[in-house]
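**Student:** with the sequence up front, the predicted model follows.
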Protein chains: 2
Amino acid sequence: MSEVKDATLCGNCTECKYDCCFSNRHCGDSHIFGLLSPEELHSLMDNKRQIHFRPGETIMKQNTPLTHLVCIKNGLAKVVSEGPNGKNLILQLIKSNSIFTGGGSIVDDFRHFTVAAVTDLDCCFIDTSRLYNLLTKNSAFSIEILKHSNSQHMKMLGTLINLSNKYMPGRVADTLLYLKNNIFEKNPFDFVLSKQELADMSGMTKESFIRSLKEFEDSGLIHHTRNTIEILKEIELTEISKNG
Amino acid sequence: MSEVKDATLCGNCTECKYDCCFSNRHCGDSHIFGLLSPEELHSLMDNKRQIHFRPGETIMKQNTPLTHLVCIKNGLAKVVSEGPNGKNLILQLIKSNSIFTGGGSIVDDFRHFTVAAVTDLDCCFIDTSRLYNLLTKNSAFSIEILKHSNSQHMKMLGTLINLSNKYMPGRVADTLLYLKNNIFEKNPFDFVLSKQELADMSGMTKESFIRSLKEFEDSGLIHHTRNTIEILKEIELTEISKNG
DNA sequence: TCATTTAATTGACATTTATCAATAAGTTCC
DNA sequence: GGAACTTATTGATAAATGTCAATTAAATGA
């Protein structure tokens, strides 16, 4: 983890014009930061720092105090719930231009998840107390934050309900479709994730994941090499996902 | 489902003094409604109606449009995710004086869960558009709503992570401790829930739940009759819950 | 009260999934 | 290029859990 050159510090607004949250004024699909006035935005971004992470590095650690939100400029991150007995569950992946609030914000102010870099990644940290301060001042902004928060949790619940309702093939199908349609958005796609990580996304052991993948390959539903997966029969795969 | 006498309609503020959300001005542990001015509260409760439900009746049905929030005055409700293949998962129970927003509010405005009465139950419905209207006007209120929303989801995620990380004995132990400490708050406790429902809370079949319960009985951890459960060794049970 | 229905329990068995061990393939570093 | 290490794969087996059928107990309603 290494800090980037001074220019990324928002000393004044002209300089940070090209900075992630400021330049395009949104994170992900919800245009959260677009609702702020230049002054408000400045107050939020004032002491923001952009940090680079290497693959595998931890960005936020579960159970530590939640003092900052993270805003991902580019790269891919994973949200992991570290269970007892070393059982990890990857709840979601976070792409470029996304803000991640971490769920516990406002409630108990500690992190319920670990967030780690999957690829090389640049992100910035936003002081939660500055954010909370804005919530009282700009209601359109706070509604957008509420919306973002609810949206995140609904997605996460979707994942988790899938995990507890479906057998392995359904869960693997879910993971593959999620990777293709939501994360990499092409087919075939290269994946940076290890088989262990894919298994952690699917709530199973890596051995089981590999076996399931092999069955899909044998049935002609997918084609995979070491680092790429191609979905050949998406409809059938969707059907498997539905039926659990 | 039957509507109660006119007095519960908030025609004017004097009359609804004893009504759930108005009289004590809070729902559950977060004093959400206490942050509203009398006028704001009135605008929210204006067309509120209190409805009685019989055990088993559906209060909100999954996948229907989310037009109202529900505020439970007394009785016990269950929040159910209805999965494919008829597999239900009870995500949480809701006690008296709780507001339930249903998660999808503001985001997609349809219900992601079914809510059903477990016992006889009185609740009132609050128009979401009126609530959203207040969000823009009263920032303290909207922050409290955000807090409540986050809190709900964190609890739900806790449940679901338990479900996907633990083996059956751990999940059953969780359910028993949850019932004792969070819902009925006494020991032994009578439970109104069927074994099927307890199994749905624990993410397993009723047969598996019963077997697990029997093992706990044989080990002297609990004592249970048809409709009551007594936790005899809470520390051991907590240990089982932790170890999965 | 008895007949009918529903819920709870038990047992035998099949299926799903994890675990452990062994091997193969790829990476890294010198 | 090769040793040391990590990751991926496969197989054999055990453990966890679900399914199905049979039985018992309780609740309901005429």
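**Tutor:** Cool, got the structure.
**Student:** who in chain A is up against DNA strand C?
**Tutor:** Residues of chain A found near DNA strand C (Cβ under 7 Å from any atom of the strand) are A:167-169, A:203-205, A:207-208, A:226. (Each C-beta comes from the backbone N, C-alpha and C, glycine too.)
**Student:** these in helices, which ones?
**Tutor:** A:168-169, A:207-208 (DSSP state H).
**Student:** just put the residues you listed in TSV and tack on neighbour count, pLDDT and distance to chain B.
**Tutor:** Below are those laid out as TSV (neighbours: other Cβ atoms under 10 Å in any protein chain shown; pLDDT from 0 to 100; distance: Cβ to the nearest Cβ, whole Å):
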residue	neighbour count	pLDDT	distance to chain B
A:168	17	95	13
A:169	18	95	14
A:207	10	97	18
A:208	15	97	14
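**Student:** what's around residue A:244, how many residues?
**Tutor:** Residue A:244: 18 surrounding residues under other Cβ atoms under 10 Å in any protein chain shown.
**Student:** now residue A:55
**Tutor:** A count of neighbours around residue A:55, defined by other Cβ under 10 Å, yields 13.
**Student:** so which strand or helix has it?
**Tutor:** According to DSSP states H and E, residue A:55 maps onto no helix or strand at all.
**Student:** tell me the contacts of the residue nearest in space to the middle of chain A?
**Tutor:** In chain A, the residue lying closest to the centroid (Cα atoms, centre = their mean) is residue A:94, at 1.9 Å. Residue A:94 sits next to A:72, A:76-79, A:100, A:115 when contact means Cβ atoms under 8 Å, 6 or more residues apart in numbering or on different chains.
**Student:** related to what we said a few turns ago, from the ones in helices among the residues of chain A next to DNA strand C, which two are the most distant?
**Tutor:** A:169 and A:207 (14.8 Å; Cβ to Cβ).
**Student:** so is stretch A:95-106 next to chain B?
**Tutor:** Yes: between stretch A:95-106 and chain B, judged by Cβ under 8 Å from any Cβ of the partner chain, the touching residues are A:103-106.
**Student:** try stretch A:145-152
**Tutor:** Yes: applying Cβ under 8 Å from any Cβ, one finds stretch A:145-152 touching chain B at A:145-147, A:149-151.
**Student:** check stretch A:195-202 too.
**Tutor:** No: Stretch A:195-202 lies out of reach of chain B by Cβ under 8 Å from any Cβ, never closer than 10.4 Å.
**Student:** residues in contact with that stretch?
**Tutor:** A:78, A:80, A:88-90, A:93, A:118, A:163, A:168, A:171-172, A:174-175, A:178, A:191, A:193, A:205-206, A:208-210.
**Student:** buried only: go through those for me.
**Tutor:** Among these, those classed as buried by 16 or more other Cβ atoms under 10 Å in any protein chain shown are A:78, A:80, A:88-90, A:93, A:118, A:163, A:168, A:171-172, A:174-175, A:178, A:191, A:193, A:209.
**Student:** what ranges does chain A have for its strands?
**Tutor:** A:2-3, A:49-53, A:58-60, A:68-74, A:77-82, A:88-94, A:98-100, A:114-117, A:121-127, A:189-190, A:222-224, A:228-231 (DSSP state E).
**Student:** can I get these in JSON lines including mean pLDDT?
**Tutor:** Shown next, in JSON lines, are the strands of chain A (pLDDT from 0 to 100):
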{"stretch": "strand A:2-3", "mean pLDDT": "44"}
{"stretch": "strand A:49-53", "mean pLDDT": "86"}
{"stretch": "strand A:58-60", "mean pLDDT": "93"}
{"stretch": "strand A:68-74", "mean pLDDT": "89"}
{"stretch": "strand A:77-82", "mean pLDDT": "93"}
{"stretch": "strand A:88-94", "mean pLDDT": "93"}
{"stretch": "strand A:98-100", "mean pLDDT": "86"}
{"stretch": "strand A:114-117", "mean pLDDT": "94"}
{"stretch": "strand A:121-127", "mean pLDDT": "89"}
{"stretch": "strand A:189-190", "mean pLDDT": "92"}
{"stretch": "strand A:222-224", "mean pLDDT": "94"}
{"stretch": "strand A:228-231", "mean pLDDT": "94"}
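**Student:** dump those into TSV; add distance to residue B:33 as well.
**Tutor:** Output for those, formatted as TSV (distance: least, Cβ to Cβ, whole Å):
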stretch	distance to residue B:33
strand A:2-3	45
strand A:49-53	40
strand A:58-60	34
strand A:68-74	28
strand A:77-82	33
strand A:88-94	32
strand A:98-100	30
strand A:114-117	35
strand A:121-127	30
strand A:189-190	49
strand A:222-224	52
strand A:228-231	49
